[in-house]
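Peer 1: After the sequence you'll find the predicted model.
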Amino acid sequence: MNTQEIMQMALDLVGMTEIPADSAIYLPGRGIRKVLFAIDIGVPELLLAKELDCDLVIAHHPQAAVLSFPQILDRHVDLMVSKGVPPAAAQKAITALKESSEFRYQAGNYEHVTGVAKLLGLPFMNIHNPLDELGRRIMQQTVDGLGEGATVGEVVAALQEIPELASAPTRVKVAAGRPGNPAGRVVVAHGAGTNGGYEVARTYFEYGIGTVVYIHVDYAQAVRLRAEGKGNLVVTGHIASDLIGINPFLRQLEETGLELVKIGA
């Protein structure tokens, strides 16, 4: 196999036709038989892969070299609009988030890890949004099965039954609101680069969404949402939630005959 074929497998899982802005093939390769996969890859993991005679390293999270990353945050707008938020309000909700991301990428050392991969002659890529989108769909289908009469506690319980969440050391928790509250309409706001923070959740609440599900959120932003009391926020846990979309992809890779060395997956 080659790196383009592997990327295409991930895209096909969710019907994407182009590599999204938070995913990339940093160093292409062919004749791939043995792959090291980890959610996060740095120089030590590249050296480990070389030591283990791997032909390719796949990360989930993007490197600083993916300077187009801020563009994937526009996916929040698509998700909000699909749930009834007006486009102008959705765009406004991500303005600060997108700008802060652009500033962060301006400061990033974008050639450090990818430069090491090139020196090692080690094919290297990351696959982020396709796998997050797959995980989002699985979580959304899970909560949709409850109906709008469910409580927040019932949403938490249903999500906690997803195998990756059930086996995780972290637990699904209510970050704002109470378990006994009516859940109302539930949106899993995932697969858009990172969580939307206070502004995206607040905007969902303003336009009729009762419960927002993030995979992680900053404490200070959760506290703001608690203080306002306009809706419920459920947090499922970052790494465990990422694995919901990652694991089906890794199983598919193994079914092709590739040997996988997995770190944390």
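Peer 2: Done, it's in. Owing to the predicted nature of the structure, the values given are computational and were not obtained by experimental measurement. Residues are numbered from 1 along each chain as shown.
Peer 1: and the gap between the closest residue to Lys173 other than its chain neighbours and Thr256?
Peer 2: Ranked by Cβ to Cβ, 6 or more residues apart in numbering and with sequence neighbours excluded, the top spatial neighbour of Lys173 is Val235, at 5.6 Å. C-beta coordinates here come from the backbone N, C-alpha and C atoms, glycine included. The gap separating Val235 from Thr256 is 35 Å, by Cβ to Cβ, to the nearest Å.
Peer 1: Of those two, give the one with the bigger neighbour count.
Peer 2: Per other Cβ atoms under 10 Å, whichever of Val235 and Thr256 has more neighbours is Val235, with 22 against 11.
Peer 1: Surely the more buried one touches Asp218?
Peer 2: No: Val235 is not in contact with Asp218 according to Cβ atoms under 8 Å; the separation is 10.6 Å.
Peer 1: beta partners for the residue nearest to Lys173?
Peer 2: Beta bridges link Val235 to Lys173, Tyr214 when assigned by DSSP bridges.
Peer 1: can you pull the pLDDT of it?
Peer 2: Here, the pLDDT recorded for Val235 equals 98.
Peer 1: residues touching it, list them.
Peer 2: With contact set as Cβ atoms under 8 Å, 6 or more residues apart in numbering, Val235 has these partners: Val172, Lys173, Ala175, Val213, Tyr214, Ile215, His216, Val217, Ala222.
Peer 1: in this protein, what secondary structure element scores lowest on mean pLDDT?
Peer 2: Lowest on mean pLDDT, DSSP states H and E among the helices and strands of the chain sits helix 95-107, with a mean of 94.
Peer 1: Put the alpha carbons of that one into CSV.
Peer 2: The C-alpha coordinates for helix 95-107 follow below in CSV (Å, rounded to 0.1, in the frame of the first residue of the first chain):
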residue,chain,number,x,y,z
THR,A,95,-14.7,34.2,15.1
ALA,A,96,-12.5,34.4,18.2
LEU,A,97,-11.8,30.7,18.2
LYS,A,98,-10.6,30.8,14.6
GLU,A,99,-8.4,33.9,15.2
SER,A,100,-6.8,32.5,18.3
SER,A,101,-6.0,29.3,16.3
GLU,A,102,-4.4,31.4,13.6
PHE,A,103,-2.2,33.2,16.1
ARG,A,104,-1.2,29.9,17.7
TYR,A,105,-0.1,28.5,14.3
GLN,A,106,1.9,31.6,13.6
ALA,A,107,3.9,30.8,16.7
